[in-house]
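Participant: I need the structure of the sequence given here:
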Amino acid sequence: MIRAAPALLLAVASACAAPAPPAAGIGGPEVLRGAAVPADAAEGSCWVRDLRPAVVETVSEQVAVLPEDPGGAPAWRTETRQRIIREREELLFEAVCPELLDGVLVASLQRALRVRGFLRGPVTGTLDAETRAAIRRFQALRGLDSATLSVDAARALGLVAVERMPS
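Facilitator: Numbering: from 1, shown residues only. I've put the predicted structure just below:
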C-alpha cells in the first residue's frame, strides 16, 4: 500500500527571469518587414515575431512505502513530476524599428522606465540586459511578455507620436 505525504514544491522553472539579449544575428525575436507583416500594417512599420516560453512546474513529493510486515517502519521514496503551467506562445506585434533605437531614444526610454519604477540602473543610452528586463516588466503589465519595445508601449511612455483621431 502506498500513502502520499504532503507535496513539497521544490522548483518552479522558467520565464520568471528576463533573458539576456541575444548576440547580433543569433536567436531572439524576428523583425518582419514588407510582405511578411499583417496586410493592414502601415507602410514602413516593423513587426516582431517573438516567442513567449512555456512555464513548467516541477513538484517532488516524499511518498511512504509501507512494509509487508505491519509492525515494520515505512520506507520513503521521492517522486518527481512536471506539468506545464503555460504553453509556449508565438507573439506578433508592431515594434519600434531597430534603426530608430539610437542612444537618444534609448536614454529617453530608460528615463521613462526609471520614473515609473521599472528600471533601477543608470541612464546609459544603451539597450542593455537591464533595460530589456525593464521593458519586459512594463509590457507584461500591458499584456505583452516581450523584451522588445512595442509601439504601443513606446506610445504609453510618451516616446513616439500618438496617431490623431480623424475629426
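
Participant: where are the low-confidence patches of this protein?
Facilitator: The model of the chain has pLDDT under 70 over residues 1-28, 34-35, 162-167.

Participant: Now the spatially most central residue of it. Nearest residue, chain neighbours left out?
Facilitator: Geometric centre of the chain, nearest residue: residue 145, 4.2 Å, by CA atoms, centre = their mean. Computed as CB to CB, 6 or more residues apart in numbering, the closest residue to residue 145 that is not its neighbour in sequence is residue 52, at 4.7 Å. Any C-beta I mention is one placed from the backbone N, CA and C, and that applies to glycine too.

Participant: what residues are up against that neighbour?
Facilitator: By CB atoms under 8 Å, 6 or more residues apart in numbering, residue 52 lies in contact with 15, 86, 88-91, 145-146.

Participant: what about 10 Å?
Facilitator: 15, 86-91, 140, 144-146 (CB atoms under 10 Å, 6 or more residues apart in numbering).

Participant: Could you report the distance from it to residue 80?
Facilitator: 25 Å (CB to CB, to the nearest Å).

Participant: cool, residue 59 as well?
Facilitator: From residue 59 over to residue 80 the distance is 7 Å, taken as CB to CB.

Participant: okay, the two: which has more neighbours?
Facilitator: Neighbours per residue, other CB atoms under 10 Å: of residue 59 and residue 80, the larger number sits with residue 59, 15 against 10.
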